[in-house]
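1. Okay, predicted coordinates and the sequence, questions at the end:
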Amino acid sequence: MTKRNNSDNISFRVLNRAATNSELSTLMMFNLELDRRIAGWRGLRVFRGDSLAAVKQRLGMTGDDIKLLGERLFMIGDKARHFQQPNHGANNFAIHNTDQQAFTYLFNKFVECKKNKAPYYVRFFQENIAFSEYFVTKNRKAFISKITDIPYVDQMQIRNYYLILLHHLAESGYKQKSHFVSTSTDLNIASGFANQRNISGDRIELYGWRMGSGLSMAKLFLKHKLPTYKVPFPKQREISFTAGILPHFIIGFKLPDRREFHINPALFITKPLDNKVFTTGLFVDQRLFPQVFAETNYNGFFYYHEGMYMEIGRIV
């Protein structure tokens, strides 16, 4: 018998079979503990809405095998558009790259963006005067020189902070090859994006979490005397994941048009579900990762360890 949630009549499934009472209990206990941490400002629930057809395309699927969808998504995760493109283009620097190419690209993009007369671009630069005044051609050499002398960890934080702005602004030359995946802390916002992207009559919503980094961006930018900005679309409550959403941080996915929630099976093989899990993620058996990855349409993937990213499988 299919297990259902009485509140909204959702069927809970694990690799397209009905979830057991024991599995539902584990899911409930995990969610309760995650809520406790969120209440203590130690983490965030995040949601991503998309077209099911688009997710299947990225995962190299053509049919409607939901079990296969789960197997691939819970093995591979959801990766940035950067990994979906052939190796070309001015912004084709690797996830871990902080050399002059990356920061020159960034600087030049902000100079270009100020010429864009779209209302939300104009409004953004009007609301961020110090930021606008910093990114002018005469400051480019000093900016690159400053970045060169900064430690790598700081370089990565600065690079990602500025790239995320290009991602949020949907800058046309960057968005299609972005290094980031968008999520929202508001399920309704994510559902709205799923509706917008839906082209097949089927939607998908990823449910996951993100723990706090403990980093103070304000202090970092004050330290290096670099401008910060007000986010352009605060109501979207966006959280951008660098490189992608790892399967280790995905609770499951919902197919709202089918009224199904598919639980990540990693939740049931991670022993114990202790404090470490919320920081390092679930245990995902990735021994078959190379074979599964080869079936997808991704051109590369990444390795993440202790806050650092390394891109693999691309010519960079």
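-> Perfect, thanks for sending it.

2. so who does the nearest residue to residue 41 once chain neighbours are set aside touch?
-> Nearest residue to residue 41, sequence neighbours excluded (C-beta to C-beta, 6 or more residues apart in numbering): residue 212, at 6.9 Å. Every residue, glycine included, has its C-beta placed from N, CA and C. Going by C-beta atoms under 8 Å, 6 or more residues apart in numbering, residue 212 touches 41, 42, 43, 44.

3. Looking at those, spot the one nearest residue 266.
-> residue 43 (17.6 Å; C-beta to C-beta).

4. so where's the stretch 1-150 of the chain shaky on pLDDT?
-> For the stretch 1-150 of the chain, residues meeting the criterion pLDDT under 70 lie at 1-8, 87-91.

5. now the helices: where do they sit in it?
-> 21-39, 52-58, 66-76, 100-113, 119-127, 129-134, 140-148 (DSSP state H, counting those that start in this stretch).

6. Then the stretch 151-300 of the chain?
-> 152-168, 172-175, 187-197, 217-223, 266-269, 275-280, 289-294.

7. List the buried residues for the last one?
-> Neighbour-count burial for helix 289-294, with 16 or more other C-beta atoms under 10 Å as criterion, is recorded at 292, 293.

8. Check which element follows that helix along the chain.
-> strand 301-305 (DSSP states H and E).

9. Might you calculate how far that following strand sits from the centre of the chain?
-> Distance of strand 301-305 from the chain centroid (C-alpha atoms, centre = their mean, to the nearest Å) equals 13 Å.

10. Repeat that for stretch 281-290.
-> 19 Å.

11. ok, now stretch 138-152?
-> 27 Å.

12. ok, residue 124 - contacts?
-> 169, 229, 232.

13. swap in residue 47?
-> 183, 184, 185, 186, 187, 189, 190, 191, 205, 206, 207, 208.

14. same question, residue 143
-> Residue 143 neighbours (C-beta under 8 Å, 6+ apart): 103, 107, 134.

15. If we use 10 Å, what do you get?
-> Contact analysis of residue 143 by C-beta atoms under 10 Å, 6 or more residues apart in numbering lists 103, 104, 106, 107, 110, 134, 135, 226.

16. how about those residues in TSV, adding neighbour count?
-> Listed next are the contacts of residue 143 as TSV, based on neighbours: other C-beta atoms under 10 Å:
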residue	neighbour count
103	22
104	15
106	23
107	21
110	23
134	16
135	22
226	17
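
17. my read: residue 67 touches residue 260, true?
-> No - assessed by C-beta atoms under 10 Å, residue 67 is found out of contact with residue 260, at 11.9 Å.

18. what do those two both touch?
-> With C-beta under 10 Å, 6+ apart, residue 67 and residue 260 have common neighbours 13, 16.

19. For these two, work out which one has more neighbours and name it.
-> Taking neighbours as other C-beta atoms under 10 Å, residue 67 and residue 260 compare with residue 260 leading, 17 against 13.

20. Can you name the residues bridging to that one?
-> residue 11, residue 255 (DSSP bridges).

21. In this model residue 69 seems to touch it, though I could be wrong.
-> No - using C-beta under 10 Å, residue 260 is not in contact with residue 69, being 11.1 Å away.

22. what's the overlap in contacts for those two?
-> In contact with both residue 260 and residue 69: 16, 253, using C-beta under 10 Å, 6+ apart.

23. which residues sit in contact with residue 32?
-> Residue 32 neighbours (C-beta under 10 Å, 6+ apart): none.

24. Looking at the contacts of residue 124, which one is closest to residue 98?
-> Nearest to residue 98 among those, with distances taken as C-beta to C-beta, is residue 229, at 19.8 Å.

25. Let's test this: what are the backbone torsions at the closest one?
-> The phi and psi values for residue 229, taken as degrees, to the nearest 10, are phi -150, psi 160.

26. What is the neighbour count of residue 237?
-> 17.

27. Can you say which of the contacts of residue 47 are buried?
-> Judged by 16+ other C-beta under 10 Å, buried ones among these: 183, 184, 185, 186, 189, 190, 191, 205, 206, 207, 208.

28. any idea which of those is the one closest to residue 161?
-> Of those, the one sitting nearest to residue 161 (C-beta to C-beta) turns out to be residue 183, at 16.9 Å.
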